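[1] Based on what follows, work out the 3D shape:
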Amino acid sequence: MKKKRGIISRIIRFILFFLLAVILLVNIFILLSGRTYLYKGIANTYLKGKAAPGIYDEEVFYNSTIAKSPNPESWLSAKEYNNYNLSASDENIFNELETTAFLVINNDSVIFEKYWGEHAKGTVSNSFSAAKTVVALLIGIAVNEGKIKSIDEPVGTYLPEYKEQGREVITIRHLLMMASGLDWSESGKNPLSDNAESYYGTDLRGMIRRQKVINAPGKKLNYLSGNSQILAFVLEAATKKSVSKYCEEKLWKPLGMTSDALWNLDKENGDEKAFCCLYATARDFAKIGKLFLNYGKVNGSQLVDSVFIAQMSTNPDIETDEGIANLRYGLHVWTYHNPTQKAIYCRGILGQYIISIPSENVIIVRLGSKRSENFDYETFSKKPNEYQKKYAYLVGHPIDLQDYLKIANKILKK
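    Okay, here's the model as predicted:
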């Protein structure tokens, strides 16, 4: 018995020694590599029982506040408001992907609205990459005001560090169409990626200064969050205002937003994480979608130039990883070319969607904590040519996008 206890004791000591050794090596790696942002990442994910960032991370970071409109405008409720009862299959789709909000608006009236868990009408949550589209809209406003002469201007016109090292050929348009040719490492899972450092780190400007050109700009669609961050710095240089303040003045207040929004900063009094991290309510997010329905016009006033909205919604003729036509991305907004229901939408990595369907005057907002995988291109590529031609518009879009459109269609028919 004593011998058995001795063996168990040695095993426990070995395991503890091994864990301590791993912890020591990890700390040495973090300190030597300068990746001290990993401490914050680990503390706010793994040590809290999470594997990734969440939609309610606002308290983890410093924030700027975007004040609500002094003249808030609430959505009207349709006569058929919430007449539709979700089916069991609908509920399964929402529950499996941890949906927190689903909103369907038609002709400026809310037809359906539901919240899950503790999320409510007044709850703000992270839009993640849906915020990228907001940055693009602000760029369009700055162009219309003459703060930026043209989206074909070189980035170096506004950021001196982009006048060298081959970056002088990158234009604002290249950034908007996600074809900058920069070496930003885009990953939602790799803790050593630029995405992880930009989310948990404290030096966004330093990260942007370190970017290198590895491909010819304007040639290939390569979705990089760094492009959006550069656009934010261009916007600040051109307007002499922070992204939050410019957003408040030019979008939030004119759109009649009913709640304050938050935008995460990289440090106290620092820079907005423009590639993500704009927190707002589902009803206020829907007003971003309304801009695309009305070609930039709000209450009779042209908030964003209609030509710029049209440019945003048009797919640049650039290469894709799959070697097929770009039918998925415009200028910082996603495009869905279903022949019977074309849509323009913003999306975030955890299933944040602001969907506009101009032909039907419909807006759909879906918020939550999970998103499905993208349409399987490998299987698609093995299908007959006729199939590929017919369904090429699905490539690059998450499968759950189709689910939300189908559910919204059922609600609209009801």
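[2] Contact partners for the residue nearest the centre of the chain?
    Nearest to the mean C-alpha position of the chain, by Cα atoms, centre = their mean, lies Ser129 at 0.9 Å. Going by Cβ atoms under 8 Å, 6 or more residues apart in numbering, Ser129 touches 225, 228, 275-276, 346-349, 352. Just so you know, the C-beta spots here come from the backbone N, C-alpha and C atoms, and that holds for glycine as well.
[3] Using JSON lines, please lay out the residues you listed together with pLDDT and neighbour count.
    What follows is the contacts of Ser129, written out as JSON lines (pLDDT from 0 to 100; neighbours: other Cβ atoms under 10 Å):
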{"residue": "Ser225", "pLDDT": "98", "neighbour count": "26"}
{"residue": "Ser228", "pLDDT": "98", "neighbour count": "24"}
{"residue": "Phe275", "pLDDT": "97", "neighbour count": "26"}
{"residue": "Cys276", "pLDDT": "96", "neighbour count": "26"}
{"residue": "Cys346", "pLDDT": "98", "neighbour count": "27"}
{"residue": "Arg347", "pLDDT": "97", "neighbour count": "23"}
{"residue": "Gly348", "pLDDT": "97", "neighbour count": "23"}
{"residue": "Ile349", "pLDDT": "96", "neighbour count": "19"}
{"residue": "Gln352", "pLDDT": "98", "neighbour count": "28"}
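[4] Filter those down to the ones in strands?
    346-348, 352 (DSSP state E).
[5] Tyr404 falls within a helix, correct?
    Yes: residue state for Tyr404 (DSSP: H, G, I helix; E, B strand; the rest coil) corresponds to a helix.
[6] Tell me the predicted confidence for it.
    Listed pLDDT for Tyr404 reads 98.
[7] ditto for the one 5 residues further on
    With respect to pLDDT, Asn409 has a value of 97.
[8] Then Leu262?
    Looking at Leu262, its pLDDT reads 98.
[9] Hmm, Ser64 and it touching each other?
    Yes: taking Cβ atoms under 8 Å as the definition, Leu262 is a contact partner of Ser64 at 7.2 Å.
[10] what distance separates the start and the end of stretch 94-114?
    Start-to-end span of stretch 94-114 (Cα to Cα, to the nearest Å) is 11 Å.
[11] which non-adjacent residue is nearest Asn409?
    Nearest residue to Asn409, sequence neighbours excluded (Cβ to Cβ, 6 or more residues apart in numbering): Gln341, at 7.6 Å.
[12] Quick one: classify the one you found as helix, strand or coil.
    coil.
[13] distance of it from Asn83?
    Plainly put, Gln341 is 22 Å away from Asn83 if you go by Cβ to Cβ, to the nearest Å.
[14] So which of these two has more stuff around it?
    Ranked by neighbour count (other Cβ atoms under 10 Å), Gln341 and Asn83 place Gln341 first, with 16 against 11.
[15] hmm, back to that, compare Leu262 and Ser64 (neighbour count), which wins?
    Neighbour comparison, Leu262 and Ser64: the larger count goes to Leu262, with 22 against 19 (by other Cβ under 10 Å).
[16] hey, where'd the strands end up in the protein?
    63-66, 76-77, 99-106, 109-115, 125-126, 261-264, 278-280, 297-298, 301-302, 334-336, 343-348, 352-357, 362-368.
[17] Can you list the strands that the longest one pairs with?
    Here strand 99-106 has these sheet partners by DSSP bridges: strand 109-115 (antiparallel), strand 362-368 (antiparallel).
[18] any idea which of the ones you listed is most buried?
    Ranked by mean neighbour count under mean count of other Cβ atoms under 10 Å, those are led by strand 362-368, which reaches a mean of 26.
[19] Using PDB, list the CA coordinates for that strand.
    Taking C-alpha atoms only, strand 362-368 is exported to PDB below (Å, rounded to 0.1, in the frame of the first residue of the first chain):
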ATOM      1  CA  VAL A 362     -36.200  44.500 -45.800                       C
ATOM      2  CA  ILE A 363     -33.600  44.700 -43.100                       C
ATOM      3  CA  ILE A 364     -32.600  41.600 -41.000                       C
ATOM      4  CA  VAL A 365     -30.400  41.800 -38.000                       C
ATOM      5  CA  ARG A 366     -29.000  38.700 -36.300                       C
ATOM      6  CA  LEU A 367     -26.700  38.800 -33.300                       C
ATOM      7  CA  GLY A 368     -25.200  35.900 -31.400                       C
END
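[20] ok now it, how far from the chain's centre?
    Here the centre of strand 362-368 is set off from its chain's centre by 14 Å, with Cα atoms, centre = their mean, to the nearest Å.
[21] hmm, who's touching it?
    Contact partners of strand 362-368, identified using Cβ under 8 Å, 6+ apart, comprise 55, 94, 97-106, 119, 125, 282-283, 285-286, 289-290, 293, 350-357, 404-405, 408, 412.
[22] Tyr56: what's it in contact with?
    Contacts of Tyr56 by Cβ under 8 Å, 6+ apart are 125-126.
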